[in-house]
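*Asks:* coordinates for the following, if possible.
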Amino acid sequence: AQEALARMDQRQLDAIVEAVAKAFSREAPMLAQMAVEETGFGNVEDKITKNRFASERVTAAVRDMKTVGILREHPKEKLWEIGVPVGVICGIVPSTNPTSTVCYKAIIALKAGNAIVFSPHPKAVKCTLRAAQIVSAAAEKAGAPVGSVGCLSMASMAGCQELMAAPEVKLILATGGPGMVKAAYSSGKP
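*Replies:* Next up, the predicted model:
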């Protein structure tokens, strides 16, 4: 999936992001309910707002952003700035905002031509997995290769550490408590 995503142009990646945002926004209430029930954190209305912010506002913020190909040319310096995907991203998801975190991390990963695999918090496995499934289905329907968005189905520190250490993972997006963030920093990857 990563190799196929890396060959996509900005127009294709943007279409994938728009489809993900629409699908996620549509499912925001259901995902909010799941998150509150599973984690015990927050309330449904606030989680709906956060899910819609992660889908609609994050997409709006990056909509006109060029992330792949020639980004800028500096003729005087004979310099071109070129955006290239970094590779597979590990997305660490907290229990406090599991569904919205999946959405915004998927949007920024896919926008730049990167596949992403999520590691859910043990107290938020079901809602994180469901959020990742919604994102994955929408991305694939819009042209993303199968496997562009994945999620561990069992949560454990050992599984998360294996994912972070996997040679295919080139970047870690860590959100969570001090222990998880420290583990991400000590993985040897940016």
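*Asks:* just the helices in this protein please.
*Replies:* With helices called from DSSP state H, the chain shows them at 2-6, 10-26, 28-39, 44-52, 58-62, 98-111, 125-141, 157-165, 178-185.
*Asks:* lowest-confidence stretch among those?
*Replies:* Least confidently modelled of the helices of the chain is helix 178-185, at a mean of 80 by mean pLDDT.
*Asks:* any chance you could list what contacts it?
*Replies:* For helix 178-185, the surrounding residues in contact (C-beta atoms under 8 Å, 6 or more residues apart in numbering) are Ile92, Pro94, Met157, Cys160, Gln161, Met164, Ile172, Ala174. All C-beta atoms are positioned from the backbone trio N, CA, C, and that covers glycine.
*Asks:* if any of those residues are buried, give me the ChimeraX selection for them.
*Replies:* Listed next is the ChimeraX selection for buried residues among these, using 16 or more other C-beta atoms under 10 Å:
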select :92,94,160,164,172,174
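*Asks:* wait, isn't Ala142 in contact with Ala21?
*Replies:* No: with contacts counted by C-beta atoms under 8 Å, Ala142 stays clear of Ala21, the gap being 10.4 Å.
*Asks:* of those two, who's got more company?
*Replies:* Ala21 (26 against 19; other C-beta atoms under 10 Å).
*Asks:* now the more buried one. Nearest residue, chain neighbours left out?
*Replies:* Ranked by C-beta to C-beta, 6 or more residues apart in numbering and with sequence neighbours excluded, the top spatial neighbour of Ala21 is Thr59, at 3.9 Å.
*Asks:* how near is the one you found to Arg52?
*Replies:* 11 Å (C-beta to C-beta, to the nearest Å).
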